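Q: Based on what follows, work out the 3D shape:
(4 chains)
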Protein chains: 2
Amino acid sequence: MDNEQEYKIGEFAKLVGLSSFTLRYYEKEGLIKPQRNASGLRYYTKADIKWVGFLLHLKGTGMRITEIIKYVELRAQGDTTIMERRELLNRVKDNAESEMRELQRNIEFISHKIDWYDGKVSSETNEFKSLSFEKYLERFAIYD
Amino acid sequence: MDNEQEYKIGEFAKLVGLSSFTLRYYEKEGLIKPQRNASGLRYYTKADIKWVGFLLHLKGTGMRITEIIKYVELRAQGDTTIMERRELLNRVKDNAESEMRELQRNIEFISHKIDWYDGKVSSETNEFKSLSFEKYLERFAIYD
DNA sequence: AAAACACTTCTAGTTAACTCTAAGTCAAGC
DNA sequence: GCTTGACTTAGAGTTAACTAGAAGTGTTTT
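A: Residues are numbered from 1 along each chain as shown, chains lettered A, B, ... in the order given. Here you go, the predicted structure:
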């Protein structure tokens, strides 16, 4: 098993889609701890690829870097913090889910607007009262 | 019909959930054009409530203010820009939808993690290889 | 041995969308 | 008539997460 492949910061950056700047920044913040070789150069492994993948998933749910740091610190404290970590993730998940419902509603709204542009919405099925909205826009258009 | 209710900026701000600062900022950017009374004070109407609602839906799909301004300008140019506006909204919608799929994936990931914390994921059904992830975290936890 | 890349610390700039202050005037509501 | 709120312009501050540059040294690759 040649599992012990090591990557220098530049290669690793390309691999995970982050810049070297960002990787050093994350390290300074405590999010990544690459190893060092005899000359002091950073080396990243396949485990780091997974870890960064995890980071990006957390970030993708809207979790702030400070929260991710908190998670990492809790993990470092061992098994006594398992419930706390679970609850942290649960809060993050709840937030992400309500963000998603919100996004869904906004997409629906904009879809109706597009349908209106396509002439697919008749005035009797027009939930969003586009016509009065358009009337507003007409007044709006008067100005400059 | 007492439809012609008018609101001063402070009232209106509370009504739509924005600050007076933000309303003046939006106005400066060209997103809102409230009317003025004889003394020069801004007055907002019910049409403005709808308009701000629309704005917030657009903003909620990730549309930038500069894009919303572009939309407003297109509308002011009249019916010849209808297709352009439709396509603008369509691009915004596509972006929002792919953002939503991304968010969905991230939520799924985090849900799996929570399940793992709950001990609900057995090692044979573990798609996300949490165990090796945890092994990584163990190594990670070595460092202070 | 030269080019390309990595190391350090420190510091400053970027971006979007606000958010607020100053300073002085004016209007509205009780 | 006093308090609260609105008006103006101009400009500074905030936030998060990068992003970059200087300046000088060391390492790796070709």
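Q: So for the residue of chain A found nearest DNA strand C, what's the nearest residue that isn't a sequence neighbour?
A: Per C-beta to the nearest atom of the strand, residue A:10 is where chain A lies closest to DNA strand C, at 2.4 Å. Where C-beta positions appear, they are placed from N, C-alpha and C, glycine not excepted. Residue nearest to residue A:10 in three dimensions, not counting chain neighbours: residue A:20, with 5.9 Å by C-beta to C-beta, 6 or more residues apart in numbering or on different chains.
Q: do you know how far that neighbour is from residue A:37?
A: For residue A:20, the distance to residue A:37 (C-beta to C-beta, to the nearest Å) stands at 16 Å.
Q: Which of the two has more residues huddled nearby?
A: residue A:20 (15 against 10; other C-beta atoms under 10 Å in any protein chain shown).
Q: what residue lies at the spatial centre of chain A?
A: Taking C-alpha atoms, centre = their mean, the centroid of chain A lies closest to residue A:60, which sits 1.7 Å from it.
Q: Up against DNA strand D, what does chain A have?
A: Contacts of chain A with DNA strand D, taken as C-beta under 7 Å from any atom of the strand, map to A:18-19, A:21-22, A:25-26, A:37-41, A:59, A:64-66.
Q: can you tell me if the longest helix along chain A touches DNA strand C.
A: The residue-count maximum for a helix in chain A (DSSP state H) belongs to helix A:82-117. No: using C-beta under 7 Å from any atom of the strand, helix A:82-117 stays clear of DNA strand C, coming no nearer than 14.1 Å.
Q: Just give me how far stretch A:91-103 sits from the chain centre.
A: Its chain's average C-alpha position is 12 Å from that of stretch A:91-103, according to C-alpha atoms, centre = their mean, to the nearest Å.
Q: Averaged pLDDT, it. What do you get?
A: Taken as a whole, stretch A:91-103 has a mean pLDDT of 95.
Q: how far away is the closest residue to residue A:70 other than its chain neighbours from residue A:13?
A: Computed as C-beta to C-beta, 6+ apart, the closest residue to residue A:70 that is not its neighbour in sequence is residue A:88, at 6.9 Å. From residue A:88 across to residue A:13, the span is 28 Å (C-beta to C-beta).
Q: show me the contacts for residue A:9.
A: A:20, A:23, A:24, A:34, A:41, A:42, A:44 (C-beta atoms under 8 Å, 6 or more residues apart in numbering or on different chains).
Q: Serialize these to CSV and add fields for secondary structure and pLDDT.
A: Below are the contacts of residue A:9 laid out as CSV (DSSP: H, G, I helix; E, B strand; the rest coil; pLDDT from 0 to 100):
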residue, secondary structure, pLDDT
A:20, helix, 97
A:23, helix, 97
A:24, helix, 97
A:34, coil, 96
A:41, coil, 96
A:42, strand, 97
A:44, strand, 97
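Q: related to what we said a few turns ago, my guess is the residue nearest to residue A:10 contacts residue A:11, does it?
A: No: applying C-beta atoms under 8 Å as the test, residue A:20 and residue A:11 come out as separate, 9.9 Å apart.
Q: circling back: the residue nearest to residue A:70 and residue A:74 touch, don't they?
A: Yes: between residue A:88 and residue A:74 there is a contact under C-beta under 8 Å: 7.2 Å.
Q: Where do the domain boundaries of chain A fall?
A: A:1-60, A:62-144 (automatic domain parsing).
Q: pLDDT weak spots in chain A?
A: A:1-3, A:120-144 (pLDDT under 70).
Q: before we move on, back to that, would you mind listing the buried residues in the host helix or strand of the residue of chain A closest to DNA strand C?
A: Using DSSP states H and E, residue A:10 sits in helix A:9-16. The neighbour-count check on helix A:9-16 (16 or more other C-beta atoms under 10 Å in any protein chain shown) flags A:9, A:12, A:13, A:16 as buried.
Q: Give me the nearest residue to the third one, chain neighbours excluded.
A: Put plainly, it is residue A:13. Residue A:13 sits nearest to residue A:20 (C-beta to C-beta, 6+ apart), 4.9 Å away.
Q: and that neighbour, what does it touch?
A: Per C-beta under 8 Å, 6+ apart, neighbours of residue A:20: A:9, A:10, A:13.
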